[in-house]
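K.L.:
Generate a structure from the sequence data that follows.
(chains A, B, C and D)
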Protein chains: 2
Amino acid sequence: MNTIPRKIDRRIERTQQLLAQALMDLIIERGYDAISIQDIADRANVSRTTFYLHYKDKDELLFASMSQIYDQLVGSHEGFMPIDIAPADFETVECDKGDFQHVADYADFYRAMISKQGSIVFIMNVMSYLAEIMKPGLQARLAGREPKIPLDLIAAFCAGAEVGVMKWWLENDMPYTAEEMSRMQFFLSMFGLKWALGREEKSVQEKQQS
Amino acid sequence: MNTIPRKIDRRIERTQQLLAQALMDLIIERGYDAISIQDIADRANVSRTTFYLHYKDKDELLFASMSQIYDQLVGSHEGFMPIDIAPADFETVECDKGDFQHVADYADFYRAMISKQGSIVFIMNVMSYLAEIMKPGLQARLAGREPKIPLDLIAAFCAGAEVGVMKWWLENDMPYTAEEMSRMQFFLSMFGLKWALGREEKSVQEKQQS
DNA sequence: GATTTTCTGTACAGTGTGTTCAATAACGTC
DNA sequence: GACGTTATTGAACACACTGTACAGAAAATC
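P.N.:
Here you go, the predicted structure:
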């Protein structure tokens, strides 16, 4: 807690921080794709040469800068969902806002990143990442049983669905709260279309016989 | 079927065809991002100037060339899934191979497009597109009832999930057939995690009481 | 065969990349 | 506070790609 013996140069930390901040600001302003390295350097008040002293290219800076955001994303997965839940609990159950609160916090950033000016590397990384951090939770719910479908595939399914839902949410100006989104997402993935489309309400099997 | 009165210049058709083919070949070889317009022109044996005579940029050529592939994607959605189906039908029911056969046919192309060298514009377009062409099917299943969750959100969910699953499939060297994938995807979205993780098999509610 | 249209090669200005280098400024340490 | 070390700087460089312009060649249509 007291004076930590500084090993890394103050200048390095300062430069990297400035570059990271500049990148984030510019992403929100113009979109990732439209940013040149000169732009980043200018915004950070740093020589372009200095940029190359620290990072190979834009992607490298992006992912270095993202570690903080990523860590938060993991964090928002810690408080997972109620383990034993019934379809009827929709409306009543309290859900963790989870990822959606995180996306809401960085809405401008994420909106820019999924736009035409965004980055496919980033999106695909997020998807892989989500799938990965989802697996322990799935494994826990499985509790030793054999899944009907490979767990990796289920994780990929859920991760993709989450990205799809977040894309929809951001593109439609977030018409629901993070908590509502989280609940809908949770119940939808848990009970599927059959539930969401209300096909099990009262087992109405006869319908316009031809 | 006989001589259609030609209105468009033969050269135009030829050039555009060559450019489209060149683009597709190069995407598979190097990935979309790594291709320059000079590359496309060279491969098509066409002057770079000619390229600009037909298209504004790479994306425009991509989407012009994609119309055929897109049409097939719609087509693969025509024969949709059995409407009344029970979880028990997994293993037995015959599923339309649907989108997955289409992706298998163009596996190299799609694999390149979701890679680091791919295109975010393309992926996001595919996702929006899938969501859009899914809606009629969902509406039909709804049959007048009120959905528990907005239909657009459900469509976004399914579209994202499908992209996620396809990404997994392609990145893992397609360890299942298109038909198997289609069935798993269908049942997973239909009955959700609760089914996939086998939590309703015999309602085992007691488990390691602390 | 005459006319219209497309294609071509070259050229140009502009922008961005990635690297080198010697000079300068800031740092940590003693 | 002086020291040696290290990061930063600006200028310069070669290279690649973009987008546009233009006049002549080639190929289509009629």
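
K.L.:
Whether the lowest-mean-pLDDT helix or strand in chain A contacts DNA strand D - can you check?
P.N.:
The element with the least model confidence among the helices and strands of chain A, by mean pLDDT, DSSP states H and E, is helix A:58-78, at a mean of 83. No - using C-beta under 7 Å from any atom of the strand, helix A:58-78 stays clear of DNA strand D, coming no nearer than 13.1 Å. Just so you know, the C-beta spots here come from the backbone N, C-alpha and C atoms, and that holds for glycine as well.

K.L.:
check whether whichever helix or strand comes after that helix contacts chain B.
P.N.:
Downstream of helix A:58-78, the first helix or strand assigned by DSSP states H and E is helix A:98-105. No - using C-beta under 8 Å from any C-beta of the partner chain, we find that helix A:98-105 stays clear of chain B, coming within 12.3 Å at best.

K.L.:
Centre of the chain to helix A:98-105, how far?
P.N.:
Taking C-alpha atoms, centre = their mean, to the nearest Å, the mean C-alpha location of helix A:98-105 is offset from the chain mean by 8 Å.

K.L.:
what do you get for stretch A:135-146?
P.N.:
The answer for stretch A:135-146 is 22 Å, by C-alpha atoms, centre = their mean.

K.L.:
quick one: it near chain B?
P.N.:
Yes - counting by C-beta under 8 Å from any C-beta, chain B has neighbours in stretch A:135-146: A:138, A:141-143, A:145-146.

K.L.:
quick revisit: from the chain's centre, how far out is the least confident helix or strand of chain A? Work that out for me.
P.N.:
Using C-alpha atoms, centre = their mean, the offset of helix A:58-78 from its chain centre is 10 Å.

K.L.:
Tell me what angle it forms with helix A:98-105.
P.N.:
In terms of direction (axes from the mean of the first three to the mean of the last three C-alpha atoms, to 10 degrees), helix A:58-78 departs from helix A:98-105 by 130 degrees.

K.L.:
ok so, going back, out of the residues of stretch A:135-146 next to chain B, who's nearest DNA strand D?
P.N.:
Relative to DNA strand D, the closest of the residues of stretch A:135-146 next to chain B is A:Leu138; by C-beta to the nearest atom of the strand it sits at 42.6 Å.

K.L.:
you'd agree that closest one is up against A:Met190?
P.N.:
No - with contact defined as C-beta atoms under 8 Å, A:Leu138 does not count as touching A:Met190 (11.5 Å).

K.L.:
which neighbours do these two share?
P.N.:
Residues touching both A:Leu138 and A:Met190 (C-beta atoms under 8 Å, 6 or more residues apart in numbering or on different chains) are B:Leu193.

K.L.:
Look at those two and report which has more neighbours.
P.N.:
Ranked by neighbour count (other C-beta atoms under 10 Å in any protein chain shown), A:Leu138 and A:Met190 place A:Met190 first, with 23 against 18.

K.L.:
Check the gap between the more buried one and A:Gln101 for me.
P.N.:
From A:Met190 over to A:Gln101 the distance is 19 Å, taken as C-beta to C-beta, to the nearest Å.
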